[in-house]
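> compute the structure for the input listed below.
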Amino acid sequence: MDELLLKHEPLLRLATFLVVLAVMAAAEVVSPRRRREIPRVLRWTNNLALVVLDTAILRLLFPVLAVGMAFLAREHGFGLFNMLAVPGWLAILATIVILDLVVYLQHVLFHAVPGLWRLHRVHHADLEIDVTTGLRFHPIEIVLSMVLKLGTVAALGAPPAAVLLFEVILNGMAMFNHSNVKLPDPVDRVLRLVVVTPDMHRVHHSIRPVETNSNYGFNLSLWDRLFGTYRAQPALGHEGMTIGIEQFRERRELWLDRMLTQPFRGPASGHALDVERLAADEGQLDRAQEAARMAAREFVDERPRGTGAREQAA
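Numbering: from 1, shown residues only. Next up is the predicted model:
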């Protein structure tokens, strides 16, 4: 069974990828959350080209990937779950939860460290957000992520089936929660109690740094709530918010060649430790909200006397 799993791993992952991509792309057409302004052919061809490049680089650089590392750990008996008498179902469940936590912490780290943010901002520089945005990562970030994942799988002695299941879930959820899909509000409220929904993750792609540096989860919504990084909605609403970052606003930056050089151009502003920038951004929002409240109060005060009473009587 294990040999069969390893042999057909690429086919299983590719089939799942194509099915989820097709389903979410169709859902974006049927029930879009935001109006599309940029031709899909421009963004999709370059985002998917980056996926192909990332995959090729991983296959060239690493003799084994995450599932292969799980088989090596089992064969040689290293790793936590290979040393302890843990029921199979518990090892699988624990592996999925722990790997999800590691991905959350890695995401926070890539926002906090300026050098890592330079790599990760390629993901955020997409000027619109849809199912392909969830696949758009710089090759160096993909390589560093794989190193961390291999180390975690080896330390856990994770079951191969659990690692494959996690990889499939992570890839599928990344496409789901980046999709430009409008879920009914009651469905969104229930789902986000457990998993990251498109509306929840879209906040993370706001141009406002205080929103960019929130909602880091890709799968379980638990981590953002537990560690205080949860933000329910964008300040300007999902239709009014601006997607992306302050840098790289031209459409030319959506091309593959420009994406690959983005980490090496411009300052690394907007990261989670850019305290002064975040404070200024939050202060600007507070001032705008206060101005709106004052304008509303002045409007009420300037109404003809007796209007309120007539309205109440009506």
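
> and the residue lying closest to residue 137 once chain neighbours are set aside, what does it touch?
With CB to CB, 6 or more residues apart in numbering as the criterion, residue 137 has its nearest non-adjacent residue at 5.4 Å, and that residue is residue 123. Any C-beta I mention is one placed from the backbone N, CA and C, and that applies to glycine too. Neighbouring residues of residue 123 by CB atoms under 8 Å, 6 or more residues apart in numbering: 133, 136, 137, 138, 141.

> distance of the spatially closest residue to the second one that is not a sequence neighbour relative to residue 162?
Read it as residue 136. Counting by CB to CB, 6+ apart, residue 136 lies nearest to residue 47, which is 4.7 Å off, once chain neighbours are set aside. Distance, residue 47 to residue 162, using CB to CB, to the nearest Å: 29 Å.

> follow-up on the earlier one: closest one of the contacts of residue 123 to residue 238?
Among the contacts of residue 123, residue 133 lies closest to residue 238 (CB to CB), at 14.6 Å.

> now for the closest one, how many residues are close by?
Residue 133 has 26 neighbours, counted by other CB atoms under 10 Å.

> picking up where we left off before, residue contacts, the residue nearest to residue 136?
Contacts for residue 47 were tallied using CB under 8 Å, 6+ apart; they are 126, 132, 133, 135, 136.

> assign the most centrally placed residue in the chain to helix, strand or coil.
For the chain, residue 218 is the residue whose C-alpha lies nearest the centre (CA atoms, centre = their mean; 5.1 Å). Three-state call for residue 218 (DSSP: H, G, I helix; E, B strand; the rest coil): coil.

> related to what we said a few turns ago, tell me which element the residue nearest to residue 136 falls in.
helix 40-61 (DSSP states H and E).

> now that helix, how far from the centre of its chain.
Centre-to-centre, helix 40-61 and its host chain are 17 Å apart (CA atoms, centre = their mean, to the nearest Å).

> show the average pLDDT along it.
Helix 40-61 comes out with an average pLDDT of 96.

> moving C-terminal of that helix, what's the next helix or strand?
helix 66-76.

> quick one: average confidence on that next one?
Average pLDDT, helix 66-76: 93.

> got the domain boundaries for the chain?
2-273, 282-313 (automatic domain parsing).

> quickly, which of those domains bottoms out on average pLDDT?
Looking at these, the bottom one is domain 282-313 with a mean of 49.

> once you drop chain neighbours, what's closest to residue 231?
residue 214 (4.0 Å).

> can you give me the strands for the chain?
Counting by DSSP state E, no segments of the chain form strands.

> quick check: the gap between the residue nearest to residue 136 and residue 255.
11 Å.

> what's the answer for residue 158, then?
38 Å.

> so between these two, which is more surrounded?
Shown here are residue 158 and residue 255; by other CB under 10 Å, residue 158 has more neighbours (29 against 14).

> residue 196 is in contact with residue 217, isn't it?
Yes. In this structure residue 196 lies within contact range of residue 217 using CB atoms under 8 Å: 4.7 Å.

> tell me, what's touching these two both at once?
Joint contacts of residue 196 and residue 217 (CB under 8 Å, 6+ apart) are residue 224.

> tell me, how many residues neighbour the nearest residue to residue 92 once chain neighbours are set aside?
In space, residue 92 comes closest to residue 162 once its chain neighbours are excluded; the distance is 4.0 Å by CB to CB, 6+ apart. By other CB under 10 Å, the residues close to residue 162 number 24.

> ok, residue 162 - contacts?
Taking CB under 8 Å, 6+ apart as the definition, contacts of residue 162 comprise 70, 91, 92, 93, 95, 96.
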